[in-house]
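> no letters, just coordinates:
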């Protein structure tokens, strides 16, 4: 899947993460999550790719949250509640978004993730 390939591309270098973020990759990943809610593979891979993006740049965290990313993550967890991979990657992404950001933590709580 494209999300998995993107995650591997992102992991390869910081330059790749900057390129993907600048070209609208966050919006596309969130859109994919919304369009393929029932696909545990897409949800897992999208969460992984978003986590990589969030970990390298604070601005990316803001883009994810502003793009309704927390809702997408909560939906992924709810729609795939028995899939361990989705749960793990979604939790990792929520953790990454929450670290060092009180507003993001509040959004995560509001969205019902906790």
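Right, received. Where do you want to start? Given the structure is predicted, the values throughout are model-derived calculations rather than measurements. Numbers count the residues shown, from 1 in each chain.

> top helix in this structure by residue count?
Looking across the chain with DSSP state H, the single longest helix is helix 40-56.

> list the buried residues for that helix?
40, 42-56 (16 or more other Cβ atoms under 10 Å). (Each C-beta comes from the backbone N, C-alpha and C, glycine too.)

> show me what it is packed up against.
helix 2-12, helix 14-22, helix 25-35, helix 58-66, helix 69-79, helix 84-98 (3 or more Cβ pairs under 8 Å, 6 or more residues apart in numbering; DSSP states H and E).

> redo those as a markdown table? Include mean neighbour count, mean pLDDT and distance to residue 108.
Listed next are the helices and strands packed on helix 40-56 as a markdown table, based on neighbours: other Cβ atoms under 10 Å; pLDDT from 0 to 100; distance: least, Cβ to Cβ, whole Å:
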| stretch | mean neighbour count | mean pLDDT | distance to residue 108 |
| --- | --- | --- | --- |
| helix 2-12 | 17 | 75 | 22 |
| helix 14-22 | 15 | 89 | 21 |
| helix 25-35 | 19 | 96 | 15 |
| helix 58-66 | 18 | 95 | 9 |
| helix 69-79 | 21 | 97 | 6 |
| helix 84-98 | 20 | 97 | 6 |
